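Trainee: I'll drop the sequence and a predicted model, then ask my questions.
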Number of protein chains: 2
Amino acid sequence: MKLSEGVEAAIHCAAMLAGVEGQGTLPGAAMAEAFGLSPSYLLKHLNALTAAGILESVPGPAGGYRLARATERITLLDIVLAIEGRDPAFRCGEIRQCGPARLDASAYAKPCGINVAMQKAERAYRAALAEARLSDIVAKHMRDADPRSVAANRAFVERHQRPQKSTKQTER
Amino acid sequence: MKLSEGVEAAIHCAAMLAGVEGQGTLPGAAMAEAFGLSPSYLLKHLNALTAAGILESVPGPAGGYRLARATERITLLDIVLAIEGRDPAFRCGEIRQCGPARLDASAYAKPCGINVAMQKAERAYRAALAEARLSDIVAKHMRDADPRSVAANRAFVERHQRPQKSTKQTER
DNA sequence: ATATCCAGGATATAAAATATCCATGAATAT
DNA sequence: ATATTCATGGATATTTTATATCCTGGATAT
Ligand code: FES
Ligand code: FES
């Protein structure tokens, strides 16, 4: 049981994107630099977040990433599932019927008790993650973290964000 | 996030060992055969369970494994931690301070909010696993599972279990 | 003494995570 | 329209981890 490092990176990026104004975007390379990560690899995770509908991507110059919906409607569970996949951590391999004395299939109709106990625990895990909204994370950071840190973060997005200018704004 | 297959094997073995009578033991090779697993690899996991104090091992002929304590005092959490290790699934890599604009260390004194949210979810997961006692698993199996299956399991341990005879019993 | 079983280390293979590179395509300026 | 710039997405390499096997040594009952 081990979560990939990409999960941490993805959450940090989402939290940072929460700081851009309006429809502005933030290039992936900038976020990679901000956290000292390899850009090429981070893009893969950002890609996964985009595919999951958590982020939106804007190609071309002045492009980048932005959040696809409000921070109140993005949870840590959304991000974790997007990066780690939606499969449960424990998977019943049905090894109970892999022995030499295999019975008729009807004897294994009911799901095994081990699996239900494991899935119950995993539901508790996911429920806890679903309670953690991105808005809570950023709010708590603003309130509790060191002022120098929040100022530095704000300055960083201020410097790298790219306001979406022409078409999209006039369309609205 | 993915649990190793060894976890399922370990739980099944523990449940099977719950069926042996008294101080009797069950050889690891027999359990490997019962679940269609590679014996050499299963021994590694059983070894981990022994090191964690969940099982006891008896060398020599008439040797094997037995539970180290009552089924009421063995939880799925015990087994999962023994196989997967005690480290948390999510580890804060402190990438917030890996960027180019690293501040003074005092700015990162407080633990980051992302980590606390993740650890909170993991505590919920472990708490749920700690609620699941091995005695519950076997009781539920006896009650709900197909009668043919429980009979086959009982017959299997009956055939392979090895009663501990001489010294240990006379000592007591 | 012999046969059986576990413990542990060394080793080999398979799978997955991590990291890098290049081709494609979109927006802007000329 | 065309060329240029930039980011995305897919394809590819490298590293780490999990899985599986093998062998030696120690312990115990027959
Ligand atoms: S048969 Fe093993 S967990 Fe379901
Ligand atoms: S700094 Fe990234 S999770 Fe703590």
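Mentor: Cool, got the structure. Numbering: from 1, shown residues only, chains lettered A, B, ... in the order given. Ligands and ions are numbered 1, 2, ... in the order given.

Trainee: backbone dihedrals for residue A:66, please?
Mentor: The phi and psi torsions at residue A:66 (degrees, to the nearest 10) take the values phi -150, psi 170.

Trainee: could you check the pLDDT of it?
Mentor: Per-residue pLDDT puts residue A:66 at 92.

Trainee: repeat for the one 5 residues further on
Mentor: Turning to residue A:71, the model gives it a pLDDT of 95.

Trainee: residues contacting it?
Mentor: A:18, A:133-135, A:138 (CB atoms under 8 Å, 6 or more residues apart in numbering or on different chains). For glycine as for every other residue, the C-beta is placed from the backbone atoms N, C-alpha and C.

Trainee: what's the farthest-apart pair in the residues you listed?
Mentor: Using CB to CB, the contacts of residue A:71 reach their maximum pairwise distance at A:18 and A:133, which is 10.7 Å.

Trainee: residues of chain A that sit close to DNA strand C?
Mentor: A:4-6, A:37-38, A:40-41, A:43-44, A:58-63, A:165-167 (CB under 7 Å from any atom of the strand).

Trainee: weed out the non-buried ones from those.
Mentor: For the residues of chain A next to DNA strand C, a neighbour count by 16 or more other CB atoms under 10 Å in any protein chain shown gives the buried set as A:5-6, A:37, A:43, A:58.

Trainee: low-confidence regions, chain A specifically.
Mentor: A:165-172 (pLDDT under 70).

Trainee: please enumerate the strands of it.
Mentor: Listed in chain order, the strands found in chain A under DSSP state E are A:55-58, A:64-67.

Trainee: most distant residue from the centre of chain A?
Mentor: Each residue of chain A has a distance to the centre, and by CA atoms, centre = their mean the biggest one is for residue A:101: 44.6 Å.

Trainee: which residue sits closest to that one, ignoring its sequence neighbours?
Mentor: When the adjacent residues along the chain are set aside, residue A:101 lies closest to residue B:152, with 5.7 Å between them (CB to CB, 6 or more residues apart in numbering or on different chains).

Trainee: what number of residues lie near the one you found?
Mentor: The number of residues packed near residue B:152 is 17, by other CB atoms under 10 Å in any protein chain shown.

Trainee: identify each buried residue in the longest helix along chain A, please.
Mentor: Among the segments of chain A that qualify as a helix by DSSP state H, the longest is helix A:113-131. Applying a neighbour-count criterion of 16+ other CB under 10 Å, the buried positions in helix A:113-131 are A:113-115, A:117-119, A:121-122, A:124-126, A:128-129.

Trainee: spatially nearest residue to residue A:142 (excluding sequence neighbours)?
Mentor: Closest residue to residue A:142 in three dimensions, ignoring its sequence neighbours and counting by CB to CB, 6+ apart: residue A:150, at 5.9 Å.

Trainee: quick one: that neighbour from DNA strand D, how far?
Mentor: Using CB to the nearest atom of the strand, to the nearest Å, one gets 25 Å for the distance from residue A:150 to DNA strand D.
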